[in-house]
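Student: Sharing a model that was predicted from the sequence below.
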Amino acid sequence: MKENTLESMFIVIAVQSVGLYLKWRPDRGRYDNDLKYRYVLMKGEASPKRLAELEELFEVERDQRRIDSMRKDVEKYELLVRKRAALDEQARLKAQEAEQLKRDAAKLKNK
């Protein structure tokens with residue numbers, strides 16, 4: 001009876017360990033698809049040729065160096081886009097403030 005219980009416990013622990021490992025392991029396909037999507041956004045084009053090239057790079061003849069280079073380019077592009085958006089917003093706020101100051105000066109001048 002004890003042997004059956006120990007064997008059952010061992011099997012349950014082994015199955016749970018495998019399950020936890022599979023859940024913990026990064027999902028490379030999901031990360032690859034995310035990078036492909038971000039790359040297409042960066043390039044601004046989703047032609048069949050470009051998509052076929054991406055599939056070949058990631059699936060058929062996986063080239064990790066090119067993928068890492070692509071990831072760095074995408075991250076750099078996204079950083080520059082965020083910086084540009086922040087600068088555009090600052091410029092918009094400054095223009096709005098300058099317009100308000102101009103209106104206030106006109107009001108004071110006409111008093």
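Tutor: Looks like it arrived, so ask away.

Student: what's the helix or strand for Val18?
Tutor: helix 2-24 (DSSP states H and E).

Student: same for the next helix or strand after that helix, what does it pack against?
Tutor: For helix 2-24, the succeeding helix or strand toward the C-terminus, using DSSP H and E, is helix 28-43. Helix 28-43 sits against helix 48-55, helix 64-109, with contacts defined as 3 or more C-beta pairs under 8 Å, 6 or more residues apart in numbering; DSSP states H and E. Any C-beta I mention is one placed from the backbone N, CA and C, and that applies to glycine too.

Student: If you average the pLDDT over the shortest one, what comes out?
Tutor: Which is helix 48-55. Averaging pLDDT along helix 48-55 yields 89.

Student: can you list contacts of that helix?
Tutor: Helix 48-55 has contacts (C-beta atoms under 8 Å, 6 or more residues apart in numbering) with Lys36, Tyr39, Val40, Lys43.

Student: now do 6 Å
Tutor: Lys36 (C-beta atoms under 6 Å, 6 or more residues apart in numbering).

Student: For that helix, buried residues please.
Tutor: Buried residues in helix 48-55, counting neighbours by 16 or more other C-beta atoms under 10 Å, are found at Leu54.

Student: angle of it against helix 28-43?
Tutor: 140 degrees (axes from the mean of the first three to the mean of the last three C-alpha atoms, to 10 degrees).

Student: by how many degrees do helix 48-55 and helix 64-109 diverge?
Tutor: Using the same axes, to 10 degrees, the inter-axis angle of helix 48-55 relative to helix 64-109 is 120 degrees.

Student: And helix 48-55, how far out from the chain middle?
Tutor: 19 Å (C-alpha atoms, centre = their mean, to the nearest Å).

Student: lowest confidence element among the helices and strands of this protein?
Tutor: Scoring the helices and strands of the chain by mean pLDDT, DSSP states H and E places helix 2-24 at the bottom, with a mean of 83.
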